[in-house]
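**Student:** My questions are about this predicted structure, shown below with the sequence.
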Amino acid sequence: MNQKQARKRVEELRDLIDRANKAYYDEARPFISDKEFDEALKELNALEKKFDLASPDSPTRRVGGTPSESFPDVEHPVPMLSLDNTYNEDELREFDRRVRQILGQQNYTYSAELKFDGAAIRLRYEDGELVLGATRGDGYRGDDITQNIKTIRDIPLTLNGDNKNNGISPVVEIRGEAYMEKEAFLRLNEFREEQGLSPFANPRNSTAGTLKMQDPREVARRPIRFFAFDLLLNSAEGPSTHIEKMNFLEKLGLPVSPYLSAHKDIEEVIETIHKWEKIRHDLPYETDGVVVKVNEEAFRPELGNTSKAPRWAIAYKFEAEQAPTLLSSITLQVGRLGKITPVAELKPVQLAGTTVKRASLHNEDEIHRKDIRTGDTVMVEKAGEIIPQVISVVNPDRKNRSEPFKMPKNCPACNEKLEKLQGEVDWRCVNTECPPQVRERIIHFASRDAMDIEGLGEAVVDQLVENNLIQTYIDLYSLTTDQLIPLERMAEKSARNLVGAIEKSKAQPLDRLIYALGIRFVGKTVARDLTQDFQSIDPILNASNQDLVEIDSIGPKIAESVVKFFSHEKNRKLIEKFRDLGFRLETDKPVKFSNVLEGKKFVLTGSLPSLTRKEASELIEQHGGKTTSSVSKNTDYVLAGESAGSKYEKAEKLGIPILDESSFMEMIKG
Ligand code: IVH
């Protein structure tokens, strides 16, 4: 792999991981398994190291979702990290070897506890009173959801003990997991279905969703439970092992994991894991694994953290649950870009605490590879609570099976002839007016990272499409309150709000609009890069493949897709309509402070002490310079921070001046 290929792959992986994180944490609608996620992250990490592509905004430096906008956000004084995952005994032994390497001859032991599948929260008690409850958010900032947290009965409002601070600091920081028992989760879903609301996919999603509800009374009605798994100590006093900390927390009145034990070495931990693996299905709550921690508090700082997870703890994930069931038929789903996905309709089966009725079959080739046919008994798997998958046919050699699956020639929704491009596995419906595509396109257009139109969720879009009120996203901008009010569950006020929100979206910046158009392969990063490079929509409309591949994040496939999109007369007209409606089709020119860097090309590497990469390149632009991504003889300066890698070396070799942050700041002062 060369540098350019690596950069592309890194972009792809970052985009995938960002989307997966968002789907998991913000939308509670995961689309890849934990294992696939971990593999992508591992690959990204390796590429960033090998090709010096680290960047402070990479998902390898972050955990989890983004704080939601409706709650005040709070900073976590100590970041809420995630855990690395392992899937087998050998990976656990490997973890133990790493610990041993750092701790050398010192004696350490392990704690093991069941990992509950819910949402991490942070509690802060001051002088024994609960003063703050927050979500994890992106690990550094989360939502202040104190009012909601106060409704959880497992969480005491006041800590036990005469001396309110119990001999430790008057400020007590506790971390733990909010979760929902399986039974309560099922009841909640039954209730939702009765109300015509869509059910939650699993207890974790319903917990995360509940914690972020605006009405604490509604939260109180939902049976959220809690157990604590960490206490931050800010003095040398107090408990000295994890187990002692948990006992101490119990004394303060907080529930801790009921399956918690101390072990002399990793082999003993492994034995315990196998014991728990057997009983886990009988427990009233979902557990997806076991968390193993170095028990002695004193070793934690020595072991330290990576940017994402502590080195003193690891999660062992249980095998995904599988169950056999009957495949009653194969149906086809039409996606936003016309992709046809075959779906297995199943005889409902209980799996990992939920009822599974459907599972993705991915594509035609996959069905043939596994030789899946209607009427088969198939093995269904739910890995990490994700969309269920059909793994295999249980008895493929039995007689009288139905015919092998045949992909229909026409779209199941609009009857257009299906197409498959060379080298691709998916069939597509190319009719842009095909109703399910219209629906998905509009949902994408209105989504948070695109035009961010509040109140235009799936249910409303469905109604708009069904009632023929919209065919393309342009139609949104001529909707009137009179047209909306007759729709179900739409009051005058919500209709007016929606029209207002649609109007407001006209002011969104150009990169959001480009992303919202839903051009194949054009994600947020590409949309941003396109906008930054071309500054306005017109040169993009007329750009050639050649012009486009000049941009770092764009390869031939993306370039072709962009050119193809804008070569359609229909799409060009669409842009003209956006123009007539008063959309912002140009970027705001950077405010110029000076010309001291006029014509100078900079390359950034490593992390700077106070500026982020974005801030640094903005400053460079504001003073007339330009930032490029790789060092060459045309580079004027390299601005280097901590852990700068091969770019630094290259600059030295080529004799290019290397600046640190403070000399750079001096330079632009003039
Ligand atoms: S310890 C610094 N212990 O799993 C990391 N986490 O996949 C502290 N979780 O964010 C985490 N049960 O939400 C820990 N017994 C347990 C846990 C646990 C569930 C969750 C927690 C964490 C996530 C990481």
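**Tutor:** Structure's in. What do you need?
**Student:** In the stretch 51-200 of the chain, what residue comes closest to the ligand?
**Tutor:** Among the residues of the stretch 51-200 of the chain, Ala120 lies closest to the ligand, at 3.1 Å counting by CB to the nearest ligand atom. Just so you know, the C-beta spots here come from the backbone N, C-alpha and C atoms, and that holds for glycine as well.
**Student:** need the next SSE after the helix or strand harbouring that residue, C-terminal direction.
**Tutor:** Using DSSP states H and E, Ala120 falls within strand 119-126. As assigned by DSSP H and E, the chain's next helix or strand after strand 119-126 is strand 129-135.
**Student:** Can you tell me what sits against the helix or strand that comes right after that following strand?
**Tutor:** Once the chain leaves strand 129-135, the next helix or strand it forms, by DSSP H and E, is strand 141-143. Here strand 141-143 makes contact (CB atoms under 8 Å, 6 or more residues apart in numbering) with 67-68, 71-76, 80, 122, 134-137, 212.
**Student:** The ligand next: which of the residues you listed are close?
**Tutor:** Restricting those to those touching the ligand (CB under 6 Å from any ligand atom) yields no residues.
**Student:** got a winner among those residues for most neighbours?
**Tutor:** Highest neighbour count within the contacts of strand 141-143, by other CB atoms under 10 Å: Thr135, with 30 neighbours.
**Student:** my guess is it contacts Leu123, does it?
**Tutor:** No: between Thr135 and Leu123 there is no contact under CB atoms under 8 Å: 11.5 Å.
**Student:** ok, residues contacting the stretch of helix or strand Lys650 belongs to?
**Tutor:** Using DSSP H and E, Lys650 sits in helix 646-654. For helix 646-654, contacts defined as CB under 8 Å, 6+ apart pick out 51-52, 603, 605-606, 630-633, 635, 638, 640, 657-658.
**Student:** Burial check on the closest residue in space to Arg401 that isn't next to it in sequence, number of neighbours?
**Tutor:** Excluding the flanking residues, the one nearest Arg401 by CB to CB, 6 or more residues apart in numbering is Arg373, at 5.4 Å. Look at Arg373: counted by other CB under 10 Å, it has 17 neighbours.
**Student:** measure Arg373 to the ligand for me?
**Tutor:** Distance of Arg373 to the ligand, given as CB to the nearest ligand atom, to the nearest Å: 38 Å.
**Student:** begin at 778 from here
**Tutor:** Got it, the first residue is 778 from now on, which makes the last one we talked about Arg1150.
**Student:** Wait, that residue touches Asn1177, no?
**Tutor:** No: under the criterion of CB under 8 Å, Arg1150 makes no contact with Asn1177, lying 10.9 Å away.
**Student:** Asn884 sits in which helix or strand?
**Tutor:** Using DSSP H and E, Asn884 sits in no helix or strand.
**Student:** same thing with Asp1315?
**Tutor:** Under the criterion of DSSP H and E, Asp1315 resides in helix 1314-1318.
**Student:** which of the residues in that helix are buried?
**Tutor:** Residues 1314, 1317-1318 are the ones in helix 1314-1318 that count as buried (16 or more other CB atoms under 10 Å).
**Student:** Per-residue confidence at the closest residue to the ligand within the stretch 1078-1227 of the chain, what does it come out as?
**Tutor:** Residue of the stretch 1078-1227 of the chain nearest the ligand, by CB to the nearest ligand atom: Pro1087 (4.7 Å). Per-residue pLDDT puts Pro1087 at 95.
**Student:** In this structure it contacts Met857, no?
**Tutor:** No: look at Pro1087 against Met857 with CB under 8 Å: they stay out of range, at 10.9 Å.
**Student:** doesn't Ile932 make contact with Gly910?
**Tutor:** Yes: the criterion here is CB under 8 Å, and Gly910 meets it with Ile932 at 7.4 Å.
**Student:** same for the helix ranked longest in the chain, what does it pack against?
**Tutor:** When the chain is parsed with DSSP state H, its longest helix is helix 780-798. Counting contacts by 3 or more CB pairs under 8 Å, 6 or more residues apart in numbering; DSSP states H and E, helix 780-798 packs against helix 811-827, helix 1301-1311.
**Student:** which residues does the residue of the stretch 828-977 of the chain closest to the ligand contact?
**Tutor:** Taking CB under 8 Å, 6+ apart, we find Ala897 in contact with 857, 912-913, 952-955.
**Student:** With Phe1004 instead?
**Tutor:** Listed by CB under 8 Å, 6+ apart, the contact set of Phe1004 reads 893, 931, 953-954, 956, 1031-1035.
**Student:** now Ala1417
**Tutor:** 1381-1383, 1424-1425, 1428, 1435-1437.
**Student:** Pick out whichever of those residues sits closest to Lys1354.
**Tutor:** Distances from Lys1354 to the contacts of Ala1417, taken as CB to CB, are shortest for Leu1381 (39.0 Å).
**Student:** I'd like to know how far that closest one sits from the ligand.
**Tutor:** Leu1381 is 30 Å from the ligand, by CB to the nearest ligand atom.
**Student:** re earlier: which stretch among the helices and strands packed on helix 780-798 comes nearest Val1126?
**Tutor:** helix 811-827 (21.2 Å).
**Student:** Look at whichever residue of the stretch 1228-1377 of the chain sits closest to the ligand and say how many residues are nearby.
**Tutor:** As assessed by CB to the nearest ligand atom, the ligand sits closest to Lys1301 within the stretch 1228-1377 of the chain, at 25.2 Å. Neighbour count for Lys1301, taken as other CB under 10 Å: 17.
**Student:** Show the pLDDT at it.
**Tutor:** For Lys1301, the model assigns a pLDDT of 81.
**Student:** correct me, but it touches Asp792?
**Tutor:** Yes: assessed by CB under 8 Å, Lys1301 is found in contact with Asp792 at 7.3 Å.
**Student:** which non-adjacent residue is nearest the residue of the stretch 1078-1227 of the chain closest to the ligand?
**Tutor:** Leu858 is the one closest to Pro1087 (CB to CB, 6+ apart), at 5.8 Å.
**Student:** Quick one: residues contacting the one you found.
**Tutor:** Taking CB under 8 Å, 6+ apart, one finds 840, 916, 1082, 1085-1087 in contact with Leu858.
**Student:** just to revisit the earlier point, out of everything not next to it in sequence, what's closest to the residue of the stretch 1228-1377 of the chain closest to the ligand?
**Tutor:** Once flanking residues are discounted, Lys1301 sits nearest to Tyr1292: 5.4 Å by CB to CB, 6+ apart.
**Student:** Now name the helix or strand holding the one you found.
**Tutor:** Using DSSP H and E, Tyr1292 falls in helix 1287-1293.
**Student:** Show me what that helix is packed up against.
**Tutor:** With contacts taken as 3+ CB pairs under 8 Å, 6+ apart, helix 1287-1293 sits against helix 1301-1311, helix 1314-1318.
**Student:** helix or strand right after the shortest one?
**Tutor:** Spelled out, it's helix 1314-1318. helix 1322-1326.
**Student:** what angle do the helix or strand just after that following helix and helix 1301-1311 make?
**Tutor:** Moving toward the C-terminus from helix 1322-1326, the next helix or strand (DSSP H and E) is helix 1333-1344. Comparing the axes of helix 1333-1344 and helix 1301-1311 via axes from the mean of the first three to the mean of the last three CA atoms, to 10 degrees yields an angle of 70 degrees.
**Student:** Could you list the paired strands of the helix or strand that comes right after the helix holding Lys1427 along with their orientation?
**Tutor:** Per DSSP H and E, the first helix or strand lying C-terminal to helix 1423-1431 is strand 1435-1436. Using DSSP bridges, strand 1435-1436 pairs in its sheet with strand 1414-1417 (parallel).
**Student:** Pull the strand it pairs with out as PDB, backbone CA atoms only.
**Tutor:** Only the C-alpha atoms of strand 1414-1417 are listed here, as PDB (Å, rounded to 0.1, in the frame of the first residue of the first chain):
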ATOM      1  CA  TYR A1414       7.200  25.300   6.500                       C
ATOM      2  CA  VAL A1415       6.300  22.300   8.600                       C
ATOM      3  CA  LEU A1416       4.500  23.100  11.800                       C
ATOM      4  CA  ALA A1417       5.200  20.300  14.100                       C
END
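**Student:** quick one: average confidence on that strand?
**Tutor:** Across strand 1414-1417, the average pLDDT comes to 93.
**Student:** Since that was my last question, I'll sign off now.
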